[in-house]
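Visitor: Quick one: sequence plus predicted model below, questions after.
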Amino acid sequence: MEILTQKRTVLKNNIRNFNLYSIGFLFISLAIWFLMPIVGIFPLLVFVQLNLLKSDNLSKNIVFLNNLVLILVVLTVCIFLTSYTIYSDLVYYVQTYEQLGHLNPLDATLSYGTGTEFIPFFIAYIVYNLTNGSVYHYLFINALIINTLVVFVISKRLSSKYYPILLIVVFSTPFYYFQVPIIRHSLSNTFLMAAIAFIESSGVSFFAYLFLALFSHFSNIINIGILLFLKISKNKFKSITLNNKAKKSIQIITKFAILIIFISAVIFVCFSGGISLTIILPLINLFNLNESSSFMAENKLSNYDTYGDMVGGSLFDKIFFLFMQITIFISLIKTKDIIIFKRKDLALIIIFSIQIISYISGVISLVNWRIYYFLISMHGLFYIPIMKNIIPKNVFWNYIIVILVAGIITYNLSLFFRGLIGGWIVAPEHIFFNGRPLEMTVFDYIEFFINATPNR
């Protein structure tokens with residue numbers, strides 16, 4: 001009895017000490033957030049993750065505090081996104097939006113795109129009439145819809161325990177902040193992920209989000225078909241049986257992928273990023289009989305090099321990213337006789353596979369990068385199937401996955417901060433806060449939001 005009492009006392013002391021450290025970490029995170037809000041969102045998400053790891057049964061106060069922190073994160077990201085200098089496709093969206101005073105949603109839809117992707121324009125029509133045609137609020141509401149769904153619906157429903165880690169990967173991905181100039185595509189991707197989050201439960205919500213995804217942008221029509229197939233098939237795809245030969249093949253492929261990552265790291269150390277992507281052009285030419293296609297491929301690879309120079313990237317960046325993604329994908333397949341999948345996990349794995357193939361095709365061919373925008377902007381959400389099992393178990397393979405995810409976060413943050421220092425993300429023409437994002441404090445964010453004029 002005395003030993004039991006001592007154990008309880010030690011446990012209470014550990015919890016008390018953890019709470020003290022947690023509060024201290026929260027104050028440090030808030031201090032960073034006050035000085036540089038877009039940077040401060042990352043320690044704030046770490047704080048939420050620490051709370052989730054502390055106990056499976058969180059008190060109402062902790063749940064409230066976590067949600068309050070998440071609201072700060074969402075608002076910070078939304079205000080940051082709306083500081084984007086209007087450019088590219090956004091010019092056409094804004095022009096159409098400004099005409100809504102004498103257009104109905106159908107006419108606005110027919111004036112741009114295929115004429116059937118009406119959801120973004122219907123949202124614009126509502127915002128226009130509620131805000132007296134404010135362009136700023138049009139951008140803000142779209143950002144609010146996307147980021148609220150990502151934080152409070154998608155990530156939480158897919159992984160209630162580890163969603164802050166996934167959000168760190170998402171928000172540290174430079175291409176995630178490209179959502180503003182391609183609003184329709186971004187809305188469609190977000191609605192599709194929300195549908196995946198509801199595929200196991202609510203039929204109404206699932207089909208509603210599929211409807212929104214389809215009529216926001218038709219680019220996801222194949223993914224929507226996959227989700228419908230998995231939903232209708234019900235229990236047919238719950239388990240997959242592997243024989244010994246299949247398990248051995250998976251193990252060999254996994255080891256090979258890890259070896260490639262190691263070799264890539266050696267290349268990076270030895271050459272310090274001085275390799276041009278055009279060195280793979282002869283290989284591409286073997287499959288390109290058309291001379292003009294070869295010329296276009298060379299230009300595309302040169303553009304990759306140019307972008308790599310701007311952000312301090314290199315051939316290693318592409319190899320590191322691609323093979324780390326492939327290795328994480330392979331790790332989704334557990335080497336047991338019976339593999340139990342939920343439909344949402346299967347959906348993530350299948351769509352992830354399609355995106356990986358599209359990414360490879362896009363690097364070496366003339367395929368438009370938008371077909372794999374899902375992967376390069378929201379790839380953090382695809383790690384959900386493995387994040388559920390890797391942290392509590394003391395298994396060597398789990399440590400490998402932790403290292404890989406940590407590597408992806410480090411890689412993302414390095415590119416993200418390189419861009420922020422230059423005042424832009426993804427490319428120099430994509431400017432935020434007039435090229436001074438790291439100089440803006442939380443008070444500057446508030447002032448920027450308040451002073452946003454209706455005709456911005």
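Guide: Yep, that arrived.
Visitor: contacting residues around Asn129?
Guide: Asn129 is in contact with Leu100, counting by C-beta atoms under 8 Å, 6 or more residues apart in numbering. Backbone N, C-alpha and C define where each C-beta goes, glycine included.
Visitor: tell me which element it falls in.
Guide: Asn129 is part of helix 119-131, with elements assigned from DSSP states H and E.
Visitor: what is the rounded mean pLDDT of that helix?
Guide: Mean pLDDT, computed over helix 119-131, is 88.
Visitor: What residues of that helix count as buried?
Guide: Within helix 119-131, the residues scored as buried using 16 or more other C-beta atoms under 10 Å are 119-125, 127-128.
Visitor: swap in stretch 444-452?
Guide: For stretch 444-452, burial by neighbour count (16+ other C-beta under 10 Å) applies to 444-445, 448, 452.
Visitor: and these as a markdown table, adding distance to Gln99, secondary structure and pLDDT?
Guide: Below are the buried residues of stretch 444-452 laid out as a markdown table (distance: C-beta to C-beta, whole Å; DSSP: H, G, I helix; E, B strand; the rest coil; pLDDT from 0 to 100):
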| residue | distance to Gln99 | secondary structure | pLDDT |
| --- | --- | --- | --- |
| Asp444 | 32 | helix | 94 |
| Tyr445 | 30 | helix | 95 |
| Phe448 | 26 | helix | 93 |
| Ala452 | 21 | coil | 80 |
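Visitor: CA-only coordinates of the helix holding Asn129 in CSV, if you can.
Guide: Written as CSV, here are the backbone C-alpha positions of helix 119-131 (Å, rounded to 0.1, in the frame of the first residue of the first chain):
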residue,chain,number,x,y,z
ILE,A,119,-18.8,26.7,-55.8
PRO,A,120,-15.9,29.3,-55.5
PHE,A,121,-18.0,31.9,-57.4
PHE,A,122,-21.1,31.2,-55.2
ILE,A,123,-18.9,31.8,-52.2
ALA,A,124,-17.6,35.0,-53.8
TYR,A,125,-21.2,36.1,-54.5
ILE,A,126,-22.2,35.8,-50.9
VAL,A,127,-19.1,37.6,-49.6
TYR,A,128,-19.5,40.4,-52.2
ASN,A,129,-23.0,41.1,-51.0
LEU,A,130,-22.2,40.8,-47.3
THR,A,131,-19.1,43.0,-47.5
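Visitor: continuing past it, what's the next helix or strand?
Guide: Using DSSP H and E, the helix or strand that follows helix 119-131 towards the C-terminus is helix 135-148.
Visitor: Any chance you could list what contacts that following helix?
Guide: Residues outside helix 135-148 that contact it (C-beta under 8 Å, 6+ apart) are 74, 77-79, 81-82, 84, 94, 97-98, 120, 123-124, 127-128, 130-131, 179-180, 183, 186-187, 190, 449, 452-456.
Visitor: Which of the residues you listed fall in strands?
Guide: Applying DSSP state E to the contacts of helix 135-148, no entry is found in strands.
Visitor: which regions of the stretch 151-300 of the chain sit below the pLDDT cut-off?
Guide: Confidence mapping of the stretch 151-300 of the chain against pLDDT under 70 gives the ranges 202, 234-300.
Visitor: how about a cut-off of 50?
Guide: Within the stretch 151-300 of the chain, the segments meeting pLDDT under 50 span 239, 268-275, 277-281, 283-284, 286, 289.
Visitor: Now do the helices in it.
Guide: For the stretch 151-300 of the chain, applying DSSP state H, counting those that start in this stretch gives helices covering 155-158, 163-171, 183-197, 203-214, 221-233, 244-271, 281-285, 291-310.
Visitor: try the stretch 351-456 of the chain
Guide: In the stretch 351-456 of the chain, the helices defined using DSSP H, counting those that start in this stretch lie at 373-378, 384-390, 396-422, 442-450.
Visitor: of all these, which has the lowest average per-residue confidence?
Guide: helix 384-390 (a mean of 59).
Visitor: count of residues packed around the closest residue to Phe417 other than its chain neighbours?
Guide: Excluding the flanking residues, the one nearest Phe417 by C-beta to C-beta, 6 or more residues apart in numbering is Val39, at 7.9 Å. Per other C-beta atoms under 10 Å, the neighbour tally for Val39 reads 17.
Visitor: residues touching Val39, list them.
Guide: Here Val39 is in contact with 32-33, 417, 420, 438 (C-beta under 8 Å, 6+ apart).
Visitor: Please apply the same query to Ala197.
Guide: Applying C-beta under 8 Å, 6+ apart, the residues near Ala197 are 153-154, 157-158, 344.
Visitor: Check which helix or strand the residue nearest to Phe417 maps to.
Guide: Assigned by DSSP H and E, Val39 belongs to helix 37-54.
Visitor: ok, so what distance separates Tyr92 from Val48?
Guide: Look at Tyr92 and Val48: by C-beta to C-beta, to the nearest Å, they are 38 Å apart.
Visitor: neighbour-wise, which of these two wins?
Guide: More crowded of Tyr92 and Val48, by other C-beta under 10 Å: Val48, with 24 against 13.
Visitor: Now Tyr128. Nearest residue, chain neighbours left out?
Guide: In space, and not counting its chain neighbours, Tyr128 is closest to Leu100: 4.3 Å by C-beta to C-beta, 6+ apart.
Visitor: What is the neighbour count of that neighbour?
Guide: Neighbours around Leu100, by other C-beta under 10 Å: 20.
Visitor: pLDDT wise, what is it at?
Guide: pLDDT, Leu100: 82.
Visitor: Confirm for me that it is in contact with Tyr125.
Guide: Yes. Using C-beta atoms under 8 Å, Leu100 is in contact with Tyr125, at 5.6 Å.
Visitor: Straight-line length of stretch 162-176, end to end?
Guide: One end of stretch 162-176 sits 20 Å from the other (C-alpha to C-alpha, to the nearest Å).
Visitor: for that stretch, which positions count as buried?
Guide: By neighbour count with 16+ other C-beta under 10 Å, stretch 162-176 contains the buried residues 162-176.
Visitor: do the same with stretch 41-49
Guide: Buried-residue list, stretch 41-49, by 16+ other C-beta under 10 Å: 41-45, 47-49.
Visitor: shouldn't Met440 be in contact with Leu35?
Guide: No. Met440 is not in contact with Leu35 according to C-beta under 8 Å; the separation is 9.5 Å.
Visitor: Of those two, give the one with the bigger neighbour count.
Guide: Shown here are Met440 and Leu35; by other C-beta under 10 Å, Met440 has more neighbours (21 against 14).
Visitor: Name the nearest residue to Leu45, ignoring sequence neighbours.
Guide: In space, and not counting its chain neighbours, Leu45 is closest to Pro164: 4.4 Å by C-beta to C-beta, 6+ apart.
Visitor: Let's see if you can find the most crowded of the contacts of Ala197.
Guide: Result: Ile154 is most packed of these (other C-beta under 10 Å), 29 neighbours.
Visitor: Let me see the contact set for that one.
Guide: With contact taken as C-beta under 8 Å, 6+ apart, Ile154 is in contact with 190, 193-194, 196-197, 381.
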